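Colleague: Generate a structure from the sequence data that follows.
(2 chains, ligands or ions: 3)
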Amino acid sequence: MIRYLLRRAWQSALTLLLSTVVVFLGVRALPGDPALALAGEDRSPEALEAIRHHYGLDQPLPLQFAQYVERAVQGDFGVSIRTGTPVSSMLTTALPVTAELSVLAILIAAVLGVGAGVLAAVRRGHPAEWLANGLALVGLSVPHFWLGLLAILYLSVATGLFPASGFVPLLQDPVDNLHHIVLPAVILGTGLAAIIMRQTRSAMLDSLSSDYVRTAKAKGLRPRAVITRHALRNSLIVVVTIVGLQLGGLISGAVVTEQIFGLPGFGKMTIDAVFQRDYPVIQAVVLLTAMAYIVINFFVDLLYSVIDPRIRVTGDPA
Amino acid sequence: MTTVESPGAASSVLGAPVLEIRDLSVSFTTEGGTVSAVDRVSLDLAPGEIVGMVGESGCGKSVTAMSIAGLLPSSARISGSVRLRGTELVGTRESVLRRVRGKEIAYIFQEPMTSLNPVLTVGRQIGEVLQVHERMSRPAARARAVELLSLVGIPSASKRVDNYPHQLSGGMRQRVMIAMAVACGPKVLVADEPTTALDVTVQAGILQVLRDLRDRLGTTILIITHDLGVIADVADRVVVMYAGRVVERAQVTDLFAHPLHRYTAGLLSASPTPGKHAGTARLQEIPGLVPVLSSQPDACTFADRCPAADSQCRESAPPLEVVGTGGALAAKDHLAACWHPCPAPRTQPQETDL
Ligand SMILES: Nc1ncnc2c1ncn2[C@@H]1O[C@H](COP(=O)(O)OP(=O)(O)OP(=O)(O)O)[C@@H](O)[C@H]1O
Ligand code: SF4
Ligand SMILES: [Mg+2]
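Modeller: Ligands and ions are numbered 1, 2, ... in the order given. Predicted coordinates for the structure are as follows:
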């Protein structure tokens, strides 16, 4: 297990380094001279030269990269060209919003998806199955932004049940915070919930007809123990794998959802930076997104090995 | 003294039967129509007896076995009676059946790999039965699991108890299945092809474990197999099934010495003598296939493949009864469902014993 973890950690670190290089070069390859963008009104050669020198743009690329990495490791991603705010402080306010939104969305999706999936598999032909399938269809076929707009229209504007936009930090007022973030989290979670529900259902149907479930029944276990301890635990292996693959989609979904609900999160920060050609911010944002993918994958693998002992012990997927 | 009135009778020396199966019939409703899988099977199991059930693939062995403790899917229609020491099990409530399963009647299945849950330790899977039926705490159940593992011959059981199934060999896994099955000291153990997936040397070990269980705990065992070698090795009595019916039932020695039903004779024609090692012979191919029946005809279902079939065979179903065969009189507990039983003992020397 330890060896497996070390190996995965090493792989993750390598991936992270590679993505840093790609992001760094990618931003350098964007059309347009950043010095020009930075210079504003004064575009004299001397001023440009001074700017290049100030930002280290006159140094050879490898050296620039080393400096960039050195600063980034210390949490220094430079300063926003537009606002002059350090990128790192923009991130400290934006990241918690997105993290909360995503974690909540995943939780909601997991509870709804697994619950409905199990129900649909166990109660075949029951109204619950129809309901679950209907929800799954909606979740999969209706895009986030449309669901979000509908939700704002009916649940916020028309009835005032939820605030239509805005955000209150968790630490400042937890109740108000939840009130603001629950609706976006549900909207963000629907697609994932639908995917989880479908995967859970089909995996459960498989395990319910398996030999080990027959054994469990022959032992005289109650249906609840047969379903949860035996069938569901095995189904979760499949579900976690599929969900892991879908989490990337969640990140881009978060960008859209934040925009719709006016949440001051990472997604909104990204969109603003792109529209304003705010290079230091873009660079930090892309890097952090890559990092998020890597970290999420690492945890999915970890979870996977917790559920499936065949991986835990041998260190290789069976 | 025929035994037609008590159609399933176990040999009388062994006392009142633990399990009485009477006229058990099972059919399935499928998309392609009705499948009649088991037809009026009767069988008694006496305490401490090992009964073998043999027959080609699809002749209803597993369905019979599963119906004993009500383990068939809901698409199965079951009639007849299964009594566990007098208590009727067919049509009984699930909650009652749950107390029987694993506690009074336990099962071992063919594939020890897929029949064990891959994500739970073997100790947990054995302990589960004890927690449910004996109300043991989890630590107590685990401690008992270690004892059970050594009982079925697993070395360093205290370490193995925390293993997952994939860390064990096929034979070990089957021993785990047995440990799990005997955890609560069941009256009846149903072993559905327990050795089919294992190689010969491992097979012999598993059969030895089953024999030990009978000798030490007095467990009654119904062992299902394709393999007449296994029957010869462990069983006291044998039941031959064909197309959902019992076609012959006898003491193992009698059956091997003098098969009466034409189907049994076909099975035996290339198989070992009693006592010969398990796994040395499989069922010999008899031309043709076991029919899948939508209803049970009033005829011998083997007629299409039988060299001795005549119009009587095709027009009425032969009853399972003691049949006279010319000179050699069959034993009183040797029954066959055949209009024209095989005339002569298969092996000459044994005739002088009679
Ligand atoms: N759930 C089911 N639905 C429909 N038909 C079934 C079902 N289970 C068994 N059958 C049918 O019942 C018949 C008897 O099957 P069974 O499994 O008892 O055979 P078997 O003697 O155990 O064969 P094998 O040696 O291959 O295990 C077969 O024709 C099979 O197709
Ligand atoms: S009853 Fe007739 S067809 Fe059936 S096995 Fe006997 S001889 Fe053959
Ligand atoms: Mg079978």
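Colleague: low-scoring stretches of the chain, by residue?
Modeller: By default, I'm working from chain A. A:1, A:30-34, A:37-40, A:312-318 (pLDDT under 70).
Colleague: Chain B was what I was after
Modeller: Flagging of chain B using pLDDT under 70 yields the residue ranges B:1-14, B:270-286, B:324-330, B:344-354.
Colleague: which element is residue A:216 on?
Modeller: Secondary structure assignment for residue A:216, by DSSP states H and E: helix A:211-218.
Colleague: what's in contact with that helix?
Modeller: A:207, A:225-226, A:229-231, A:234, B:69, B:71, B:101-102, B:106-107, B:109, B:111, B:114-118, B:128, B:177, B:180 (CB atoms under 8 Å, 6 or more residues apart in numbering or on different chains). (Glycine included, C-beta is placed from N, CA and C.)
Colleague: Which members of these occur in strands, if any?
Modeller: Per DSSP state E, strands hold the following members of those: B:106-107.
Colleague: For residue A:137, give me its contacts.
Modeller: residue A:194.
Colleague: Look up how far chain B lies from it.
Modeller: Distance of residue A:137 to chain B, computed by CB to the nearest CB, to the nearest Å: 26 Å.
Colleague: tell me which element that residue is part of?
Modeller: According to DSSP H and E, residue A:137 maps onto helix A:127-141.
Colleague: do residue A:13 as well
Modeller: Using DSSP H and E, residue A:13 falls within helix A:2-29.
Colleague: That helix: which residues count as buried?
Modeller: Under the neighbour-count criterion of 16 or more other CB atoms under 10 Å in any protein chain shown, helix A:2-29 has A:4, A:8, A:12, A:15, A:19-20, A:23-24, A:27 buried.
Colleague: swap in stretch A:66-73?
Modeller: A:68, A:72.
Colleague: starting at the chain centroid, how far to it?
Modeller: 25 Å (CA atoms, centre = their mean, to the nearest Å).
Colleague: for residue A:203, helix, strand, or coil?
Modeller: With DSSP: H, G, I helix; E, B strand; the rest coil as the basis, the three-state label of residue A:203 is helix.
Colleague: ok, and the closest non-adjacent residue to it?
Modeller: Excluding its sequence neighbours, the residue lying closest to residue A:203 (CB to CB, 6 or more residues apart in numbering or on different chains) is residue A:235, at 3.6 Å.
Colleague: Next, count neighbours for the one you found.
Modeller: Residues near residue A:235, counting by other CB atoms under 10 Å in any protein chain shown, number 26.
Colleague: Same question for the one 5 residues further on.
Modeller: Other residues near residue A:240 number 20, with proximity taken as other CB under 10 Å.
Colleague: again with residue B:231
Modeller: Residue B:231: 28 surrounding residues under other CB under 10 Å.
Colleague: cool, residue A:153 as well?
Modeller: Other residues lying near residue A:153 total 12 when counted by other CB under 10 Å.
Colleague: can you check residue B:191 too?
Modeller: Neighbours around residue B:191, by other CB under 10 Å: 29.
Colleague: List the beta-bridge partners for it.
Modeller: residue B:108, residue B:223 (DSSP bridges).
Colleague: What residues does the stretch 201-350 of chain B have near ligand 1?
Modeller: B:226, B:292 (CB under 6 Å from any ligand atom).
Colleague: ranges for the strands of the stretch 201-350 of chain B?
Modeller: Ranges of strands in the stretch 201-350 of chain B, per DSSP state E, counting those that start in this stretch, are B:220-225, B:237-242, B:245-251, B:321-322, B:324-325, B:328-329, B:335-336.
Colleague: Save these as TSV, and put in distance to ligand 2 and mean neighbour count too.
Modeller: Below are the strands of the stretch 201-350 of chain B laid out as TSV (distance: least, CB to the nearest ligand atom, whole Å; neighbours: other CB atoms under 10 Å in any protein chain shown):
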stretch	distance to ligand 2	mean neighbour count
strand B:220-225	22	25
strand B:237-242	8	26
strand B:245-251	7	25
strand B:321-322	12	15
strand B:324-325	12	14
strand B:328-329	17	14
strand B:335-336	8	28
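Colleague: between the buried residues of helix A:2-29, which is nearest chain B?
Modeller: residue A:4 (15.2 Å; CB to the nearest CB).
Colleague: I figured that closest one hits residue A:305, correct?
Modeller: Yes: between residue A:4 and residue A:305 there is a contact under CB atoms under 8 Å: 6.6 Å.
Colleague: just the helices in the chain please.
Modeller: I went with chain A, as the question did not name one. Assigned by DSSP state H, chain A shows helices spanning A:2-29, A:34-39, A:45-54, A:61-73, A:87-122, A:127-141, A:144-151, A:174-208, A:211-218, A:223-225, A:233-261, A:266-275, A:279-307, A:309-314.
Colleague: hmm, I had chain B in mind actually
Modeller: Taking DSSP H, the helices of chain B run over residues B:61-68, B:94-100, B:112-115, B:122-133, B:138-151, B:157-160, B:170-182, B:200-217, B:228-234, B:252-257, B:262-268, B:311-315.
Colleague: Next, count neighbours for the residue nearest to residue A:58 when sequence neighbours are not counted.
Modeller: Closest residue to residue A:58 apart from its sequence neighbours, by CB to CB, 6+ apart: residue A:52 at 4.5 Å. Neighbourhood size, residue A:52 [other CB under 10 Å]: 17.
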